[in-house]
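Student: Here is a sequence together with a model predicted from it:
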Amino acid sequence: MPPAEPDATSDPDRTPPSASQPMALETATRGRHRSRLSRNLGLRARVTATFAIGAFALSTIMAGITYFAARQSFLSERQGADQRQAFANAALIRNALPSLGTEVDQLIGSADTLPGSLSVLHTGGKWYATSISVGQSTIPAELRTMVLSGRPASQFFSIGNTPQIVIGVPLPAEHAAYFEVFSLDELASTLRTLAFALAAAALVTTLAGAALGRWASGRALRPLAGLTDAAVAIAGGQLDTRVEADDDVDLLELASAFNRMTANLQERIEREARFTSDVSHELRSPLTTLSATVGVLETHRDELSPRARSALDLLDGDLKRFTRMVDDLLEISRFDAGSAELSLDEVDPGELVRRAVGASAPIGEDGHRAPAVFPVDVEPGVEGLRLRVDKRRFERVMANLVENATLYAGGVTRVVVARYPDDPDVGARSIRVIVEDQGPGVPPPDRHHLFERFYRGSRAGRRESSDGTGLGLSLVAEHVRLHGGAIWIEDAPVRGSRFVIELPLDEGDVDAERSPG
């Protein structure tokens, strides 16, 4: 008979895969929960929680030690006093038992001199007690046997919910045993009061620890507020911001490193801005020469062969695109250098958008701009509002958006000018200009990247999209930001995308709208 194959379940060295997977999953879940909790709690909250937990743990330990030490002391002191009282009563009973005519019930009743003490006597094979609630069956059997065998003993026990102590004293000369039961209800009440006081003290200590942690963390993190403000200012473009350590030895090295990093960053950005500006300026002269040359060739276009005319058209298109790119780079260099300025005019929002849309229309062969083929809808709530903008920059914004829609989204379907919020009972805070197109739409992950420089999405590198430079929408974002506004992309109600420009109204304009008459 061939040997039986070993059973996989009986092999102690083999662990079923399912036995370890739940444990690993539970450990990983706990780790993720701790990591998520750590992210949700700030540094100040974690420091405060640490102080509070430390104060709670320390106060709980101290309260526990205090309570059990006091309890042991109270019990020892009470046990000693009760033992002295019980032995004294036992001596009186031992001396009185031999006397003839002595009533046992009266004798043990005279021994109950303390409140809450009850006596039990065993003599002549009988049990006598001063109360029906305490008798032979009430006394613990182990202690009863020990005392009847001639050894004194004491024991803590409970009757109902009331703690008691019983002390047994043998009377061998009289063939008797005396037991006295003392109620510890008063001592238990004292211990409960002590426990409540210690718990209250632990709670107060925990709150005090939390308050101390809050104060300490605030004091420790206060110098970092300057770093935070400086970082926010630098993120906003104020690259000349620096941090002062205020003679704080612990922060001196951090502040110095931060300032060095900021200085290096400022120097690098300024160097790149100067480089871009210098290159753009240097390119303008040869571009002007090339433009003049192409213009001369255009005057002799009829003398050229078809192949040469095609080459001339390609050269003219690329030259215009190159010139547009140089102009955009010059504009970007001014933004990077912080030298871009606004020339603000107070205008009617609806009229501003209509003129900007008209200025963005292409110029026909007759030298005139073609009318826009899409409507400009000005909502009723816009009337009466005045907007302060740089008209030249706003026309550039609209021209870039219209051009972007023409190149990549099938053209603009309509432009909407609306107030925000649109509630007539609430004063308008801003004006929104919405440009809708009929393209395939922009996926949400790509919407933010469209405003980055030289980003053209999935069409980058294709020849049919070469009319764009990848700088138009980034310039739109810079122009809008310079006005203190914002721009974002939404899905159009039916098809395509919506480019939403929000420009804030001046407080004076808002107050004028709210004022009667």
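Tutor: It's in.

Student: quick one: low-confidence parts of the stretch 201-350 of the chain?
Tutor: Scanning the stretch 201-350 of the chain for pLDDT under 70 picks out 245-248, 276-277, 280, 333-340.

Student: Which residue ranges of it form strands?
Tutor: Applying DSSP state E, counting those that start in this stretch to the stretch 201-350 of the chain gives strands spanning 345-347.

Student: quick one: the helices in it?
Tutor: 249-299, 306-337, 349-359 (DSSP state H, counting those that start in this stretch).

Student: So for the residue nearest to V376 when sequence neighbours are not counted, what's the pLDDT?
Tutor: Leaving aside its sequence neighbours, V376 sits nearest to V415 (C-beta to C-beta, 6 or more residues apart in numbering; 4.7 Å). For glycine as for every other residue, the C-beta is placed from the backbone atoms N, C-alpha and C. We have a pLDDT of 93 for V415.

Student: quick one: buried residues of stretch 139-159?
Tutor: I139, L143, R144, M146, V147, P152, A153, S154 (16 or more other C-beta atoms under 10 Å).

Student: Of all the helices of the stretch 201-350 of the chain, which one is nearest G439?
Tutor: Closest of the helices of the stretch 201-350 of the chain to G439 is helix 349-359, at 18.2 Å (criterion: C-beta to C-beta).

Student: Show me what the helix or strand following that closest one is packed against.
Tutor: Using DSSP states H and E, the helix or strand that follows helix 349-359 in sequence is strand 376-378. Secondary-structure packing of strand 376-378 (3 or more C-beta pairs under 8 Å, 6 or more residues apart in numbering; DSSP states H and E): helix 349-359, strand 412-420.

Student: Tell me the strands beside strand 376-378, with direction?
Tutor: strand 412-420 (parallel) (DSSP bridges).

Student: Can you report how many residues lie near T193?
Tutor: Number of residues near T193 (other C-beta atoms under 10 Å) recorded here: 10.

Student: Distance check, it against A199.
Tutor: 11 Å (C-beta to C-beta, to the nearest Å).

Student: can you check T205 too?
Tutor: 11 Å.

Student: between the two, which one's more packed in?
Tutor: T205 (18 against 14).

Student: in terms of contact, does the more buried one touch A55 like I think?
Tutor: Yes: T205 lies in contact with A55 (C-beta atoms under 8 Å); the separation is 5.2 Å.

Student: before we move on, the earlier item: keep only those of the buried residues of stretch 139-159 that are in helices.
Tutor: In helices, defined here by DSSP state H, the members of these are L143, R144, M146, V147.

Student: for stretch 224-235, which positions count as buried?
Tutor: For stretch 224-235, by 16+ other C-beta under 10 Å, it's G226, A230, I234.

Student: May I ask which helix or strand encompasses V426?
Tutor: Here V426 is covered by no helix or strand, with elements defined by DSSP H and E.

Student: Contacts only, for it.
Tutor: With contact set as C-beta atoms under 8 Å, 6 or more residues apart in numbering, V426 has no partners.

Student: Can we start the residue count at 827 from this point?
Tutor: Done: numbering now begins at 827, and the last item shifts to V1252.

Student: any idea how far R1245 is from it?
Tutor: V1252 is 10 Å from R1245, by C-beta to C-beta.

Student: okay, and the common contacts of these two?
Tutor: Joint contacts of V1252 and R1245 (C-beta under 8 Å, 6+ apart) do not exist.

Student: if I pick the spatially closest residue to R920 that is not a sequence neighbour, what's in contact with it?
Tutor: Counting by C-beta to C-beta, 6+ apart, L997 is the residue found nearest to R920 once chain neighbours are left out, at 4.9 Å. L997 makes contacts with A916, I919, R920, L923, T949, A1003, Y1004, as judged by C-beta under 8 Å, 6+ apart.

Student: Local confidence estimate at L997?
Tutor: 90.

Student: go on, I1257?
Tutor: Confidence at I1257, expressed as pLDDT, is 91.

Student: how big is the angle separating the strand or helix carrying it from helix 1175-1185?
Tutor: According to DSSP H and E, I1257 maps onto strand 1256-1263. Per axes from the mean of the first three to the mean of the last three C-alpha atoms, to 10 degrees, the angle that strand 1256-1263 makes with helix 1175-1185 is 30 degrees.

Student: For strand 1256-1263, output the C-alpha coordinates as CSV.
Tutor: Written as CSV, here are the backbone C-alpha positions of strand 1256-1263 (Å, rounded to 0.1, in the frame of the first residue of the first chain):
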residue,chain,number,x,y,z
SER,A,1256,-18.4,90.9,-9.7
ILE,A,1257,-19.0,90.6,-13.4
ARG,A,1258,-18.7,87.3,-15.2
VAL,A,1259,-18.0,87.1,-18.9
ILE,A,1260,-18.8,83.6,-20.3
VAL,A,1261,-17.4,82.4,-23.6
GLU,A,1262,-19.0,79.2,-24.9
ASP,A,1263,-17.7,77.1,-27.8
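
Student: centre of the chain versus that strand, how much separation?
Tutor: Centre-to-centre, strand 1256-1263 and its host chain are 33 Å apart (C-alpha atoms, centre = their mean, to the nearest Å).

Student: State the paired neighbours of that strand in the sheet, together with their directions.
Tutor: Sheet pairing for strand 1256-1263, using DSSP bridges, gives strand 1238-1246 (antiparallel), strand 1323-1330 (antiparallel).

Student: Helix or strand next in line after that strand, which one?
Tutor: Following strand 1256-1263 toward the C-terminus (DSSP H and E): helix 1270-1273.

Student: So which bits of that next one are buried?
Tutor: R1273.

Student: what sits opposite the residue nearest to R920 in the beta ladder?
Tutor: A1002.

Student: Would you agree F882 is in contact with A1034?
Tutor: No: here F882 lies out of contact with A1034, judged by C-beta under 8 Å, at a distance of 10.6 Å.

Student: Which of the helices or strands spans the closest residue to L1038 other than its chain neighbours?
Tutor: Once flanking residues are discounted, L1038 sits nearest to F877: 5.7 Å by C-beta to C-beta, 6+ apart. Under the criterion of DSSP H and E, F877 resides in helix 869-922.

Student: Next secondary structure element downstream of that helix?
Tutor: Heading C-terminal from helix 869-922 (DSSP H and E), you reach helix 930-935.
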